[in-house]
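Novice: need a structure here:
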Amino acid sequence: MCRKQLIEALKASKKSECFDNSTVAEENGKKFHLENKSKKTICRVKVDGCLIDNQRTKRCDYWFKICETEQHFLVELKGTDVSKAVEQIISTFDFVNRKLELSPERFEGIIVSSAVPKAEQKFRALKVKIPKRKRIKN
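Specialist: Model prediction:
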């Protein structure tokens, strides 16, 4: 039911193949697993190349929605460019929230990167900047 409601809210009926119930995001050797011990309903959306297929639009790789709690996780599986990953998450948040109009506090951005610890200092600066700009949790 959650999946269907999300597809309707996003007006994405022609992109229903982008939505499923998986808890795993995997790409180019990077992997993110959303632990679901409480067995809540999860809707995973493949964003990059599916929900958002415009190559000029910045977008993250996946979006997970925990249906019962209305929590949202925007996930970017990135090599080393953490700054670009942050911009992709922000752009995806803007795209999604134009249609859903949810509180930014319901969203959390997650970057799986091979750049750490090299990018650690840069990442700390971005962690301060993002909540101020969009009020997205990190």
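
Novice: please make it C-alpha for all contacts and neighbour counts, starting now.
Specialist: OK.

Novice: can you confirm His72 is in a helix?
Specialist: No: when DSSP: H, G, I helix; E, B strand; the rest coil is applied, His72 is found to be strand, with no helix at that position.

Novice: which residues are in contact with it?
Specialist: Going by C-alpha atoms under 8 Å, 6 or more residues apart in numbering, His72 touches 63-66, 106-108.

Novice: how about it: which residues does it bridge to?
Specialist: Beta-bridge pairing for His72 (DSSP bridges): Lys65, Phe107.

Novice: in the host helix or strand of Arg98, what counts as buried?
Specialist: Per DSSP states H and E, Arg98 falls inside helix 82-100. Across helix 82-100, burial judged by 16 or more other C-alpha atoms under 10 Å covers 82, 85-86, 88-96.

Novice: what is it packed up against?
Specialist: With contacts taken as 3 or more C-alpha pairs under 8 Å, 6 or more residues apart in numbering; DSSP states H and E, helix 82-100 sits against strand 71-78, strand 107-113, helix 120-134.

Novice: quickly, which of the ones you listed bottoms out on average pLDDT?
Specialist: Within the helices and strands packed on helix 82-100, the stretch with the lowest mean pLDDT is helix 120-134, showing a mean of 55.

Novice: before we move on, the earlier item: how about the contacts of His72 in JSON lines, adding distance to Lys14 and neighbour count?
Specialist: Listed next are the contacts of His72 as JSON lines, based on distance: C-alpha to C-alpha, whole Å; neighbours: other C-alpha atoms under 10 Å:
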{"residue": "Trp63", "distance to Lys14": "18", "neighbour count": "27"}
{"residue": "Phe64", "distance to Lys14": "19", "neighbour count": "25"}
{"residue": "Lys65", "distance to Lys14": "20", "neighbour count": "23"}
{"residue": "Ile66", "distance to Lys14": "22", "neighbour count": "17"}
{"residue": "Arg106", "distance to Lys14": "26", "neighbour count": "15"}
{"residue": "Phe107", "distance to Lys14": "25", "neighbour count": "22"}
{"residue": "Glu108", "distance to Lys14": "27", "neighbour count": "19"}
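
Novice: cool, thanks, talk later.
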